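Asks: Mind looking at a prediction? Sequence and model below.
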Amino acid sequence: VEQRDALRARAVDGTSPHVLVMTATPIPRTVAMTVYGDLEVSALRELPIGRSPISTTVVPVGERPGWLERVWRRTAEEVAAGRQAYVVCPRIGGADAAGEDEAGEDGEDGERPPLAVLELVPQLAEGPLAELRLGVLHGRLPGNDKDAAMRSFTAGEIDVLVATTVVEVGVDVPNATVMVIMDAQRFGVSQLHQLRGRVGRGTHPGLCLLVTDSPEGTAGRERLDAVAATTDGFELAQRDLELRREGDVLGAMQSGRRSGLKLLSLLRDADLIGQARHAAQQLVDTDPDLTAHPGLARLAADLLDDQRAQFLQKV
């Protein structure tokens, strides 16, 4: 919202450009604003040309610890077939990284600290992936080192890239077919979907393995099950909305239980919201200042404090 407003502020002579907002994972609040706001949606539901399907599996190592060994065997099998793999951790690690966590979701009560890149790399290099060429990529590396790691991975000089979420967007390596996400319950639905999209970008099918020790019935496990069940971004956004709610639709709060709505629900009352939106558009077209509807004008003023009013002007 702030970025779109900054773009409009640069308009010459009050002429605002048309704005196209593109996303592979419409977050819950984005879904809400497409209904409550003035955004129109065009959905591209087919895969881009040259992409392959991606299968996703939850690996519940808390219940089946032996499955982790199979994860690394499966990764090695893909490398032996000439492919490459990502392994993503929620944290960088290191002595100066106390409390550092790049994932977007809190852990469950009593959960151990999230796995870190700098902890996992030596374990893999000395253990299940000892025969493979490993690379490291995270946000604390100097820019030149980041570029060098990505160039090496793209050129096929690295078999397995162990990274944080820096690979979430803007990375296109068609030969990469495996995405292993460690402590996957630490990530949100949108992050998981974006990370999964790093594989299956060529002619070979992609495989996404969501490794977790969260038991069934926890919020983290529900997110993982939702991601494994579909690759449809809009369906995932709807599920994410059910899990996190739409946030304050009259303000800038992105998600969570707080909402400016008392009785209305985006999930339950979609048809009613559509009718209200159509009626509101008709009314504003004929009476933009609500001069003929003073009661409605007072109600709108009561609902919108200055901060919320400024935010809605930007949307």
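Replies: Yep, it's here.
Asks: how much space between residue 204 and residue 177?
Replies: From residue 204 across to residue 177, the span is 5 Å (C-beta to C-beta, to the nearest Å). To be clear about C-beta, it is placed using only N, CA and C from the backbone, and glycine gets the same treatment.
Asks: Count the neighbours of residue 277 for me.
Replies: 14 (other C-beta atoms under 10 Å).
Asks: and after the host helix or strand of it, which helix or strand comes next?
Replies: When elements are assigned from DSSP states H and E, residue 277 belongs to helix 270-286. Beyond helix 270-286 on the C-terminal side, the first helix or strand identified by DSSP H and E is helix 294-303.
Asks: how big is the angle separating that following helix from helix 270-286?
Replies: Here helix 294-303 points in a direction 120 degrees away from that of helix 270-286 (axes from the mean of the first three to the mean of the last three C-alpha atoms, to 10 degrees).
Asks: Dump helix 294-303 to CSV, restricted to CA.
Replies: Backbone C-alpha positions of helix 294-303 (Å, rounded to 0.1, in the frame of the first residue of the first chain) are rendered in CSV as follows:
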residue,chain,number,x,y,z
PRO,A,294,-26.0,12.8,6.4
GLY,A,295,-26.6,9.8,8.7
LEU,A,296,-24.4,7.6,6.6
ALA,A,297,-21.7,10.4,6.4
ARG,A,298,-21.7,10.6,10.3
LEU,A,299,-21.4,6.9,10.6
ALA,A,300,-18.5,6.8,8.2
ALA,A,301,-16.8,9.6,10.1
ASP,A,302,-17.3,7.8,13.4
LEU,A,303,-15.7,4.6,12.0
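Asks: Quick check: neighbours shared by residue 204 and residue 177?
Replies: residue 83 (C-beta atoms under 8 Å, 6 or more residues apart in numbering).
Asks: Of those two, which one has the most company?
Replies: Taking other C-beta under 10 Å, residue 204 and residue 177 do not tie; residue 177 has more neighbours (27 against 17).
Asks: phi, psi of that one?
Replies: phi -120, psi -10 (degrees, to the nearest 10).
Asks: And for residue 162?
Replies: According to degrees, to the nearest 10, residue 162 has phi -90, psi 120.
Asks: Could you pull out the strands in the protein for me?
Replies: Under the criterion DSSP state E, the chain carries strands at the ranges 54-60, 84-88, 134-137, 160-163, 176-181, 206-212.
Asks: could the ones you listed go into CSV alongside mean pLDDT and distance to residue 71?
Replies: Shown next, in CSV, are those (pLDDT from 0 to 100; distance: least, C-beta to C-beta, whole Å):
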stretch, mean pLDDT, distance to residue 71
strand 54-60, 98, 6
strand 84-88, 99, 9
strand 134-137, 98, 15
strand 160-163, 98, 12
strand 176-181, 99, 6
strand 206-212, 99, 5
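Asks: any chance of the ones you listed in TSV, with distance to residue 291 too?
Replies: TSV is the format used below for those (distance: least, C-beta to C-beta, whole Å):
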stretch	distance to residue 291
strand 54-60	55
strand 84-88	56
strand 134-137	59
strand 160-163	58
strand 176-181	56
strand 206-212	56
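Asks: wait, residue 114 sits on residue 92?
Replies: No - Residue 114 lies out of contact with residue 92 (C-beta atoms under 8 Å); the separation is 10.4 Å.
Asks: Many thanks, have a good one.
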